[in-house]
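Visitor: Have a look; sequence and predicted model below, questions after that.
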Amino acid sequence: MNLSKILLILNTVKYLKFKQIYFRLFYFLRFRYRKLIGFKYPFSKNSKSNNLVLIDSISSYESYHNGGFNFLNLSKSFDNIDWNFSEYGKLWTYNITYFDFLNQSNFQKEIGIKLIYDFIDKSDAIRDGFESFPISLRGINWIKFLTYSKIQNKKIDDSLYAQYDILIDSLEYHLLGNHLLENGFSLLFGAYYFEDDKLYLKAKEILSYELKEQILKDGGHFELSPMYHQIMLFRTLDSINLVENSSFKEDTLLNTLRTSAELMLSWLKNISYENGDIPLFSDSANNIAPNSKLLFDYAKSLELNVKEIELSDSGYRKILKDNYEMIVDVGSVGAEYIAGHAHADTFNFELQIEGKPFIVDSGLSTYEINNSRFFERGTSAHNTVEVLGKNSSEVWGGFRVANRARVIEIDEKKNLIKATHNGYKKDAVLHTRIWVFEDSKIIIEDKLSKETDAISRLHFHPDITEKMIEKHIISLEKFCIKSYKYADGFNKLIDAKYIEAKFNSKLILEVKI
């Protein structure tokens, strides 16, 4: 391993919490020891389940049809289901074991039971599906399916109870963030379903602490991905549904869940466009999480209020004019100790004109560790400035960030935002961006603290033509129009245009509305 790689690792590890490092080491050593002694978890445990009551939730996207599965825009049919199928990557393998399809509209319970039985019967051979994260999602999905379908099944219950033993023994303290929160939500469902105090106490411990830790003052989820925010909000709403409609426990957890949900609803309202879309900042994609409208409708059915809280510590700002909406990122990389979904995109922004996307984030097409993943997380894939061909934050390895840009100055006035970040401090360069928001145009001014080679890029929605770009974009500096692949979801790339403007010290672009 060369020196640069060692420094990259050290500059990544320094942001981790001690708990993450401890549990990474602990789980690694425990795995080696258990492998040596031939330890295996049992896949069935005698159980007694409880008849839960849930009001209607949000249906899942259709991912199962006539024996075929479709996840991440990739389809596969099986004569004999391979729950370890890996040709489409690990995230696809995870998805088939989540069993999210059980809760799509009008799913036949006989088919659901058959698929669950197939999974149970093959448990000894399943690998990725018995990691903590898929167990967590599968537990919630099985319980919701069994409850809504009014199914009582000893074989399924005994398998699920054993899976919760695996989960509580392997909680994702080495990752924290949304992973640990998912563990907590699932333990809560398991606790109520089996009326299990051990599962409940651990769920309460995780959720009470992590919701306070992960939900920012302005309501945003601290990993700063609008998509993951929607997912975490959905889990919180489902948990409120569970606790309010069951009598297993009565204490302060419900208040914690409701308070967190109302904060998160406020942020989602602020970050969503008027047409309901979310900006595709960080790791965000369409048709993964429930959309904003469905979440607001579900929250209303739970009698939750949407608080009026201004965007602040999440780092996002929304500008709303008669003819356009713009969302800008003037925040630092987050969350500091779990930045796996962060991009090198400081001062990125999106713009919708008259309710339609114009300037867009280039999107997310893969979680596989490859050139596409590296590009999509890089500065050049975003609507910001790249200096000396480098990323503003050191994204690497698919889900790693070493040294990262910090916003060191921000000045906000009516119709103006000015901010400076230090992502290029190794080259003694500070980048300052000023947005001026007028009714008929937006002025974007970029300044560097010293003369050096830099490129500003703006990425346009696939519907935007070269002629439209030339009509709306004005610059004293020459810019060229190039092609890129817009990620309209995982594994779905569409031809689109972007502009590239080279400069040394100062650049002013105008967007005519």
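Guide: The structure has been received and is ready for your questions.
Visitor: tell me which residues of stretch 395-415 are tucked away?
Guide: 395-396, 399-405, 407 (16 or more other Cβ atoms under 10 Å). No exception for glycine: its C-beta is placed from N, CA and C like everyone else's.
Visitor: Pick out the most distant pair among the residues you listed.
Guide: 399 and 407 (22.4 Å; Cβ to Cβ).
Visitor: show me the contacts for the closest residue to residue 282 other than its chain neighbours.
Guide: Using Cβ to Cβ, 6 or more residues apart in numbering and skipping the chain neighbours, the partner closest in space to residue 282 is residue 225 (4.1 Å). Applying Cβ atoms under 8 Å, 6 or more residues apart in numbering to residue 225 gives the contacts 281-284, 341.
Visitor: how much space is there between residue 225 and residue 333?
Guide: 12 Å (Cβ to Cβ, to the nearest Å).
Visitor: and residue 428, how many residues sit next to it?
Guide: By other Cβ atoms under 10 Å, the residues close to residue 428 number 9.
Visitor: Mind naming the longest strand for the protein?
Guide: Ranked by residue count and defined by DSSP state E, the top strand of the chain is strand 493-503.
Visitor: For whichever strand or helix holds residue 96, the averaged confidence score.
Guide: Residue 96 is part of helix 90-98, with elements assigned from DSSP states H and E. If you average the pLDDT over helix 90-98, you get 98.
Visitor: Show me what secondary structure element comes after it.
Guide: helix 109-121.
Visitor: same for that following helix, what does it pack against?
Guide: Where contact means 3 or more Cβ pairs under 8 Å, 6 or more residues apart in numbering; DSSP states H and E, helix 109-121 is packed against helix 132-148, helix 154-169.
Visitor: how about the spatially most central residue of the chain, what does it touch?
Guide: When Cα atoms, centre = their mean is applied to the chain, the residue found nearest the centroid is residue 228 (2.9 Å). Listed by Cβ under 8 Å, 6+ apart, the contact set of residue 228 reads 178, 221, 282-284, 289, 341.
Visitor: The residue nearest to residue 282 and residue 117, how far apart?
Guide: Distance from residue 225 to residue 117, by Cβ to Cβ: 35 Å.
Visitor: same check, this time on residue 199
Guide: Distance from residue 199 to residue 117, by Cβ to Cβ: 24 Å.
Visitor: Next: residue 408.
Guide: The value you get for residue 408 to residue 117, if Cβ to Cβ is used, is 57 Å.
Visitor: same check, this time on residue 400
Guide: For residue 400, the distance to residue 117 - Cβ to Cβ - is 39 Å.
Visitor: Near residue 93, how many other residues are there?
Guide: Residue 93, neighbours per other Cβ under 10 Å, totals 22.
Visitor: Surely it is in contact with residue 129?
Guide: Yes. Contact status for residue 93 versus residue 129: in contact at 7.4 Å, counting by Cβ atoms under 8 Å.
Visitor: which neighbours do these two share?
Guide: With Cβ under 8 Å, 6+ apart, residue 93 and residue 129 have common neighbours 83-84.
Visitor: sec struct for the closest residue to residue 493 other than its chain neighbours, please.
Guide: Closest residue in space to residue 493, ignoring its immediate chain neighbours: residue 485 at 4.0 Å, by Cβ to Cβ, 6+ apart. Three-state call for residue 485 (DSSP: H, G, I helix; E, B strand; the rest coil): strand.
Visitor: residues contacting residue 485?
Guide: Contacts of residue 485 by Cβ under 8 Å, 6+ apart are 362, 365, 493-496.
Visitor: quick one: it and residue 464, what's the gap?
Guide: For residue 485, the distance to residue 464 - Cβ to Cβ - is 15 Å.
Visitor: Name the surrounding residues that touch the lowest-mean-pLDDT helix or strand in the chain.
Guide: Among the helices and strands of the chain, helix 3-13 carries the lowest confidence by mean pLDDT, DSSP states H and E, at a mean of 88. Helix 3-13 is contacted from outside by 21, 394, 396, 400-403, using Cβ under 8 Å, 6+ apart.
Visitor: ranking the helices and strands packed on helix 109-121 by burial, who's on top?
Guide: Neighbour counts (mean count of other Cβ atoms under 10 Å) averaged over each of these peak at helix 132-148, with a mean of 23.
Visitor: for it, packing partners?
Guide: So helix 132-148, by 3+ Cβ pairs under 8 Å, 6+ apart, packs with helix 90-98, helix 109-121, helix 154-169, helix 177-194, helix 226-244.
Visitor: pLDDT of stretch 242-258, averaged?
Guide: Stretch 242-258 comes out at a mean pLDDT of 91.
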